[in-house]
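Q: give me a model of this one.
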Amino acid sequence: MDERRESSSPLTGATCGPRWSRGTVALDPLARLFALRGVEPRRVVGLISGTSADGIDAALVELRGSGTSTEARLLDFRSRAYEPELRARVLALGEATAEELLHLHYALGEALGRAALDVIEPARRAGLSVHLVGSHGQTARHHPRAASPDGRAATLQLAEPAIIAERTGLPVVADFRPRDVAAGGEGAPLVPLVDWLLFRSPGRTRVCLNLGGIANVTIVGEDVDRVYAFDLGPANMPMDVAVQVWTGGAEAFDRDGRRAAAGRVDTGLVGELMRHPFLALPPPKSTGREAFGAVFVRPLLARFAGREADLLASLTRFVAEATTDGIRRYVREPVDEVLVSGGGARNPTLMAALADRLAPVPVRSLAAVGMDPDAKEAVAFAVLANETLFGRPGNLPAATGATGLRVLGKIVV
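A: Got it, this is the predicted structure:
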């Protein structure tokens, strides 16, 4: 990492911007927070643990400007795996008691605080100031509107932001989704605004496809008012569950899609899975582990006992078919290219199946435009925290279904 010249602090005149001392409280923390608007570049940490629940991604992002003037440069990116006991508790969130939710909320705050320090401490040793943290947290429950008896979405993210603030000595923006839900939205997806800010290209329509636990897509053109996004269905989640069960937790995923590549696709099963009701819902829509996690996969494990590779091959084909079908059915304009991020971008078997079905539209990893495909969602929450700092909205109603634009997140100083 190289130091770049920063503007002086409006409060102190120092060239490194406002500082927070670990374990102390600033005399006027809100003034210090809003003074960051005058600091360039700002270095913001983005934190997320996604629906795959395998660990925490931390990105250190150098930011200039906000809104349409946003410029982002990834300085550092690291993934911290959950300890096995903590991961088991996260995967069991669907059956968690209120007491377990309480204790896990604080345990995850400690875990995300440590992950933030993984990128903060090397920066500080290199003489760089870090100014802000944006934390998505760990989704405990997400119920889309279609699954709710009153037609209202509900979402719950864990990882106490006050702990992250205490451990890092930095202000934290967290819990981004509920403000959109309160405005009638799904609370997801929230990355579309960032997709448009960072990846729009004059005269081109790009599909930004993220293949994490769930597959979601943003259609990015030149005009933000025409950006829309939605969840497509499962991505890595069902394959991950199958591998974890079969290996007793020794392996978390099908590395490089090797197991799937060794199996034979059961076309009957693929056709059966393609009749899942979520796939026929029109956007805006969102989904999660409740629909495509263990409840979805476990009935298939007994049917394919002794044919593990065939089930993985079939699930991989299903993900490719569902993703392709959703893009063809719901993307309204001709597409120039598909840019893929998330763990699925590193699965050659899945990428080949997508490229075959989406041809002649090119399918490329986000690395082709200079962004680590694993880092994108952590980068996104750094950018969204920056938008909140400037009082700018972070949602796109065309993506979430909210009644309007809203400033997202809760701030801990």
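
Q: for the helix of greatest length in the chain, packing partners?
A: Counting residues, the longest helix found in the chain (DSSP state H) is helix 98-125. If contacts are counted by 3 or more Cβ pairs under 8 Å, 6 or more residues apart in numbering; DSSP states H and E, helix 98-125 sits against strand 42-49, strand 55-64, strand 71-81, helix 84-91, strand 132-143, strand 154-158, helix 161-168. From N, CA and C alone the C-beta is placed, and that goes for glycine too.

Q: each with direction, which strands does the second one pair with?
A: I take that to be strand 55-64. Strand pairing for strand 55-64, using DSSP bridges, gives strand 42-49 (antiparallel), strand 71-81 (antiparallel).

Q: relative to strand 132-143, how tilted is that strand?
A: 130 degrees (axes from the mean of the first three to the mean of the last three Cα atoms, to 10 degrees).

Q: in stretch 282-296, what counts as buried?
A: 283, 284, 285, 286, 287, 288, 289, 291, 292, 293, 294, 296 (16 or more other Cβ atoms under 10 Å).

Q: need the three-state assignment for the nearest residue to the first one once chain neighbours are set aside.
A: The one in question is residue 283. Spatial nearest neighbour of residue 283, excluding adjacent residues (Cβ to Cβ, 6 or more residues apart in numbering): residue 230 at 3.5 Å. What DSSP: H, G, I helix; E, B strand; the rest coil gives for residue 230 is strand.

Q: please apply the same query to residue 325.
A: Per three-state DSSP, the local secondary structure of residue 325 is helix.

Q: count the neighbours of it for me.
A: 16 (other Cβ atoms under 10 Å).

Q: wait, what's in contact with it?
A: Neighbouring residues of residue 325 by Cβ atoms under 8 Å, 6 or more residues apart in numbering: 274, 279.

Q: do you know the pLDDT at it?
A: Note on residue 325: pLDDT of 97.

Q: before we move on, what about residue 290?
A: Looking at residue 290, the pLDDT reads 85.

Q: which of the helices and strands packed on helix 98-125 sits most buried?
A: Most buried of the helices and strands packed on helix 98-125 by mean neighbour count (mean count of other Cβ atoms under 10 Å) is strand 42-49; its value is a mean of 29.

Q: give me the distance from that strand to the chain's centre.
A: 12 Å (Cα atoms, centre = their mean, to the nearest Å).

Q: residue numbering should commence at 19 henceforth.
A: Sure, I'll start counting at 19 from here, so that last one is strand 60-67.

Q: buried stuff in the longest helix of the chain?
A: Buried residues in helix 116-143, counted by 16+ other Cβ under 10 Å: 122-123, 125-131, 133-138, 141.

Q: so where's the chain uncertain?
A: 19-45, 69-70 (pLDDT under 70).

Q: quick check: domain ranges of it?
A: With domains defined by automatic domain parsing, the chain comprises 47-209+393-430, 214-387.

Q: so which of those is the most packed in?
A: Greatest average neighbour count among those goes to domain 47-209+393-430 (a mean of 20), per mean count of other Cβ under 10 Å.

Q: what about that one, how long is it end to end?
A: 10 Å (Cα to Cα, to the nearest Å).

Q: kindly report the same for stretch 135-153.
A: For stretch 135-153, the end-to-end distance is 13 Å (Cα to Cα).

Q: just how off-centre is it within its chain?
A: Worked out by Cα atoms, centre = their mean, stretch 135-153 lies 21 Å from the chain centre.

Q: stretch 303-313 now?
A: 15 Å.

Q: give me the distance between the two termini of that stretch.
A: End-to-end span of stretch 303-313 (Cα to Cα): 20 Å.

Q: run through who's touching it.
A: By Cβ under 8 Å, 6+ apart, the list of residues contacting stretch 303-313 reads 69, 71, 109, 112, 157, 159-162, 164-165, 171, 204-207, 231-232, 234, 248-249, 251-252, 255-256, 259, 294, 296.

Q: next: stretch 79-93.
A: Residues from elsewhere that reach stretch 79-93 (Cβ under 8 Å, 6+ apart): 19, 22, 58-64, 77-78, 137, 141, 146, 215-216, 242, 389-390, 393, 397, 400-401, 404-405, 407-408, 410.

Q: one more time with 7 Å, if that's ok
A: For stretch 79-93, contacts defined as Cβ atoms under 7 Å, 6 or more residues apart in numbering pick out 19, 58-62, 64, 77-78, 215-216, 389-390, 393, 397, 400-401, 404-405, 408, 410.

Q: same deal with stretch 239-253?
A: 206-207, 210, 214, 218, 220, 223, 229-238, 296-297, 301-305, 310, 337, 340-341, 344, 348, 360, 362, 414, 416-417.

Q: out of these, which sit inside helices?
A: Using DSSP H, those in helices are 210, 214, 296, 297, 310, 337, 340, 341, 344, 348, 416, 417.

Q: dump the residues you listed into JSON lines; add distance to residue 182 as well.
A: Below are these laid out as JSON lines (distance: Cβ to Cβ, whole Å):
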{"residue": "210", "distance to residue 182": "25"}
{"residue": "214", "distance to residue 182": "27"}
{"residue": "296", "distance to residue 182": "33"}
{"residue": "297", "distance to residue 182": "37"}
{"residue": "310", "distance to residue 182": "29"}
{"residue": "337", "distance to residue 182": "33"}
{"residue": "340", "distance to residue 182": "35"}
{"residue": "341", "distance to residue 182": "33"}
{"residue": "344", "distance to residue 182": "35"}
{"residue": "348", "distance to residue 182": "36"}
{"residue": "416", "distance to residue 182": "31"}
{"residue": "417", "distance to residue 182": "27"}
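
Q: many thanks, have a good one.
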